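Engineer: What follows is a protein structure lacking sequence information:
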C-alpha cells in the first residue's frame with residue numbers, strides 16, 4: 001500500500017504539471033525546486049483565483065488535484081508510522097538494521113525485500129536468489145547456439161525489483177565502489193546502461209541477502 005500510494009502521488013503531480021502546461025502557467029521564481037511550501041502556497045492561490053493564470057474550469061481541476069494530494073500525503077504519513085513500527089518488531093528488527101547499513105537502502109526498501117521474499121534461508125545460493133527475483137537473463141537453446149541470452153526474466157515479485165532499482169541509483173551516487181563498478185560496466189557497452197543497472201541491482205540484492213544473515217559469510221561484490 002505504501003508503494004502504491006507513492007505511485008498515485010506521482011500520477012497526480014504529473015496531472016498538475018500537465019494542467020499548468022496546457023494553460024501556459026509557469027511556477028514563479030523564488031518557489032524553489034520540487035514541491036516546496038512556497039510552491040504549494042502558489043498552487044493553492046492559483047486554484048482559489050488569488051493568482052492569475054487559470055479560468056474557472058482550471059481552478060476547479062487544480063483544487064481537486066490538490067485535495068487528492070493532501071489526502072495521499074496524510075495517508076502516507078500514517079503508513080510510514082506503521083512501516084516504522086513493523087521495522088522494529090521482533091521478526092524484522094535485526095535484519096532491517098543490518099540491511100539499512102547499506103548506503104541507499106532505507107527502511108521501506110528493506111521491509112519490501114524481507115516481506116516479499118519471506119524465508120530467505122530457502123535460497124541455497126546467490127544464483128537461486130537472482131533467479132527468483134527475475135534478475136537473470138532468459139536463455140534460449142537451439143541446435144546452432146547452445147545458449148543465447150535475452151532480456152531478464154522479470155519473474156518473481158515486481159515490487160522488490162522496483163525498490164532495488166530505486167536503491168541502486170542511490171547506491172551508485174553514494175558508494176564509490178558500486179559507482180566504479182557501474183561505470184566500468186557502462187564503458188564496456190555505453191548503449192546498454194540498463195544492463196549495467198540490472199547488474200548492480202543483482203549485486204545489491206545478493207548483498208542485502210547476506211546482510212540479513214543468510215547464505216554464510218558475505219561474498220565480494222564481483223559477479
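Structural biologist: Nice, I can see it. None of these values were measured; they are calculated from a predicted model.
Engineer: Can you name the next helix or strand after the helix ranked longest in the chain?
Structural biologist: If you go by DSSP state H, the chain has its longest helix at helix 56-87. Next in sequence after helix 56-87, counting helices and strands by DSSP states H and E, comes helix 93-99.
Engineer: one step back: only the buried residues of the longest helix of the chain, if you could.
Structural biologist: By neighbour count with 16 or more other C-beta atoms under 10 Å, helix 56-87 contains the buried residues 58-59, 61-63, 65-66, 68-69, 72, 76, 79, 83, 86-87. All C-beta atoms are positioned from the backbone trio N, CA, C, and that covers glycine.
Engineer: cool, and stretch 157-175?
Structural biologist: Neighbour-count burial for stretch 157-175 [16+ other C-beta under 10 Å]: 157, 160-161, 163-164, 166-168, 170-172, 175.
Engineer: Dead centre of this structure: give me the residue that sits there.
Structural biologist: Nearest to the mean C-alpha position of the chain, counting by C-alpha atoms, centre = their mean, stands residue 166 at 3.3 Å.
Engineer: give the contact list for that residue.
Structural biologist: Residue 166 makes contact with residue 109 under the criterion C-beta atoms under 8 Å, 6 or more residues apart in numbering.
Engineer: Please identify which helix or strand holds it.
Structural biologist: helix 158-174.
Engineer: and that helix, how far from the chain's centre?
Structural biologist: 5 Å (C-alpha atoms, centre = their mean, to the nearest Å).
Engineer: could you say what helices and strands the helix or strand following it packs with?
Structural biologist: Once the chain leaves helix 158-174, the next helix or strand it forms, by DSSP H and E, is helix 176-188. Identification of packing neighbours for helix 176-188 by 3 or more C-beta pairs under 8 Å, 6 or more residues apart in numbering; DSSP states H and E yields helix 158-174, helix 193-211.
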